[in-house]
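Student: Below is the structure, and that's it, no one-letter string:
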């Protein structure tokens, strides 16, 4: 009897059908879940933008005013996924810990919470009894502290090969004379290009003033970031110029904290703007470091009595640009002028001088910023001081003199330290309505200073030496003044004088998200 052969054809069909049901089910679930996630993302964006727009109406606690601003914002945002519910607006204030509390605080309402919700229909979930799903998101908007940018001692940025130290520094760092198309004239045009610090921070990959202030990047990276911000503004000419500068700025670092003083207690500093010339120029001066510049590099002439002198200027610390709310401080450049020379007079065979003059930092602090009525800014300033040090900044200055009456006797003498007294004061800048900077946009803090070098002869040779050295100083001091004044002016520094310049209008309407 023949055995019947077993037929297994078609056995895979039920298994395939079962797998397809499972796969389709998971696909349907994933599709509906994806739609809900898109809806949630939409609602977060809606809440964020509406919270920022409503925050511009603060410090009002009137719900209807805030609701109108939020609804207008919602109407501008276009299509959204699902069926949106009306926005829920809650006026309130931020506690000391930054938490949102509904209702007015001691100074009214300084925050507003927006709740956005929507409902989406499911395509596949109804088979298991779920026809739709909801997505709800909240955002809290608040006013940022008003902020402004100003600079101290930035006459450094006056681009002139004969009158400013930045010319030779630019030539050294970026070889500006090789920028055939633009040269110095093109660089000056950057004065009119505004760079929002929030955009600069984003281009550098950071999001807070603390992170921006802590950056230590290459000068090339910093300049390219500024160029990208300007390019996004549509200013292709200025962007190309900045990119050309960046291409030449190789091998140097830009420690942002050295030239940009930012208020890091909040986010107010990032709401300010600064012009591209001051920003890039200050970064280049900082990147140059403490490299000395010889007098001949500055295109300056020595006084007649110092024609054979060895003189140089060193930027110990660069000038600063300050941005932030009340309390932020900027300082002037610290510089040192070194001088080695021989001076001859009718009473001396020779007098050899080796000395340095260090100009200390002056400070300018934003003491108040007023947004109501005419916007105004008050700056408290303290002028610079100066003292005599040794050549190269170390040790003591020295004067070695040989008298005609005693030609073989060299007399080493220490120059006394003469300090130019500091002086404090304040000045208020008032801004015109609408747009523009104050007129004038700068103010000079000054104090009466009579800078002179004295000699400590320690009683050596009594009156004879005193008469010789006193006569020498009547020759030396005018020569020093003729040397120091143009040199320090090339850095925007005068002994006992400090210039403060406003770089932007106060940002009085800036808002931010909290929480």
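Tutor: Received it, and whenever you're ready, just let me know what you need. Predicted, not measured: the structure shown is a model, and the values here were computed from it.

Student: Every contact and neighbour count from this point should use C-alpha atoms.
Tutor: OK.

Student: Average pLDDT for stretch 274-284, rounded please.
Tutor: Per-residue pLDDT over stretch 274-284 has a mean of 79.

Student: Check stretch 387-396 too.
Tutor: 79.

Student: gap between the two ends of that stretch?
Tutor: Stretch 387-396 has an end-to-end distance of 11 Å (C-alpha to C-alpha, to the nearest Å).

Student: ok, now stretch 354-363?
Tutor: With C-alpha to C-alpha as the measure, stretch 354-363 spans 29 Å from end to end.

Student: Residues contacting it, please?
Tutor: 152, 329-341, 381-393, 396-399, 495, 498 (C-alpha atoms under 8 Å, 6 or more residues apart in numbering).

Student: So what touches the helix or strand residue 258 falls within?
Tutor: For residue 258, the element it lies in under DSSP states H and E is helix 256-259. With contacts defined as C-alpha under 8 Å, 6+ apart, helix 256-259 is touched by 212-217, 282-283, 286, 317-321.

Student: which strands and helices sit next to the following helix or strand past that helix?
Tutor: Per DSSP H and E, the first helix or strand lying C-terminal to helix 256-259 is strand 260-262. Other helices and strands packing on strand 260-262, by 3 or more C-alpha pairs under 8 Å, 6 or more residues apart in numbering; DSSP states H and E, are helix 209-213, strand 321-324.

Student: Strand 260-262 pairs with which strands, and in what direction?
Tutor: Using DSSP bridges, the strands paired with strand 260-262 in its sheet are strand 321-324 (parallel).

Student: Could you list every helix and strand in contact with the very next helix or strand once past the strand it pairs with?
Tutor: Downstream of strand 321-324, the first helix or strand assigned by DSSP H and E is strand 329-331. Judged by 3+ C-alpha pairs under 8 Å, 6+ apart, strand 329-331 is in contact with strand 148-152, strand 321-324, strand 363-370.

Student: follow-up on the earlier one: tell me which of the helices and strands packed on strand 260-262 lies nearest to residue 193.
Tutor: strand 321-324 (15.7 Å; C-alpha to C-alpha).

Student: contacting residues around stretch 54-67?
Tutor: Against stretch 54-67 from outside (C-alpha under 8 Å, 6+ apart): 69-70, 87-92, 103-104, 108-112, 141-143, 509-511.

Student: and if we set it to 6 Å?
Tutor: If you take C-alpha atoms under 6 Å, 6 or more residues apart in numbering as the criterion, stretch 54-67 is touched by 69-70, 89, 91, 108-110, 141-142.

Student: now those in CSV, with distance to residue 193, secondary structure and pLDDT?
Tutor: Formatted as CSV, these follow (distance: C-alpha to C-alpha, whole Å; DSSP: H, G, I helix; E, B strand; the rest coil; pLDDT from 0 to 100):
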residue, distance to residue 193, secondary structure, pLDDT
69, 32, helix, 95
70, 33, helix, 95
89, 39, strand, 96
91, 38, strand, 95
108, 38, strand, 83
109, 36, coil, 90
110, 33, coil, 89
141, 30, strand, 94
142, 29, strand, 93
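
Student: Now the buried members of these.
Tutor: Using 16 or more other C-alpha atoms under 10 Å as the burial test, the contacts of stretch 54-67 include 69-70, 89, 91, 109-110, 141-142 as buried.

Student: And those residues, which is closest to residue 80?
Tutor: residue 70 (15.7 Å).

Student: Could you count how many residues lie near the residue nearest to the closest one when sequence neighbours are not counted?
Tutor: Of all residues beyond its chain neighbours, the one nearest residue 70 is residue 50 (4.9 Å), with distances taken as C-alpha to C-alpha, 6 or more residues apart in numbering. For residue 50, the neighbour count with other C-alpha atoms under 10 Å is 32.

Student: Pull out the buried positions in the strand or helix carrying residue 246.
Tutor: When elements are defined using DSSP H and E, residue 246 is found to belong to helix 236-248. Under the neighbour-count criterion of 16+ other C-alpha under 10 Å, helix 236-248 has 238-246, 248 buried.

Student: With stretch 382-400 instead?
Tutor: Here stretch 382-400 shows 382-393, 396-400 as buried, counting by 16+ other C-alpha under 10 Å.

Student: sorry, back to before: looks to me like the residue nearest to residue 70 is in a strand.
Tutor: No: in this structure, residue 50 is helix, not part of a strand, as judged by DSSP: H, G, I helix; E, B strand; the rest coil.

Student: So it sits against residue 71, correct?
Tutor: No: under the criterion of C-alpha atoms under 6 Å, residue 50 makes no contact with residue 71, lying 7.6 Å away.

Student: show me where this structure has helices.
Tutor: 12-55, 63-76, 166-174, 183-188, 197-203, 209-213, 219-232, 236-248, 256-259, 276-288, 462-489 (DSSP state H).

Student: Quick one, which of those helices gets closest to residue 371.
Tutor: helix 12-55 (16.1 Å).

Student: State the mean pLDDT of the closest one.
Tutor: What helix 12-55 shows for mean pLDDT is 80.

Student: when you compare where that helix runs with where helix 63-76 runs, what's the angle?
Tutor: Counting by axes from the mean of the first three to the mean of the last three C-alpha atoms, to 10 degrees, helix 12-55 points 130 degrees away from the direction of helix 63-76.

Student: residue ranges with poor pLDDT in the stretch 201-350 of the chain?
Tutor: The model of the stretch 201-350 of the chain has pLDDT under 70 over residues 266, 288-308, 343-350.

Student: let's see it at 90
Tutor: Confidence mapping of the stretch 201-350 of the chain against pLDDT under 90 gives the ranges 206-214, 216-220, 237, 240-326, 330-350.

Student: re the thing from before, would you reformat the helices and strands packed on strand 329-331 as CSV and include distance to residue 264?
Tutor: Shown next, in CSV, are the helices and strands packed on strand 329-331 (distance: least, C-alpha to C-alpha, whole Å):
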stretch, distance to residue 264
strand 148-152, 14
strand 321-324, 8
strand 363-370, 14
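
Student: Good, we can wrap up now.
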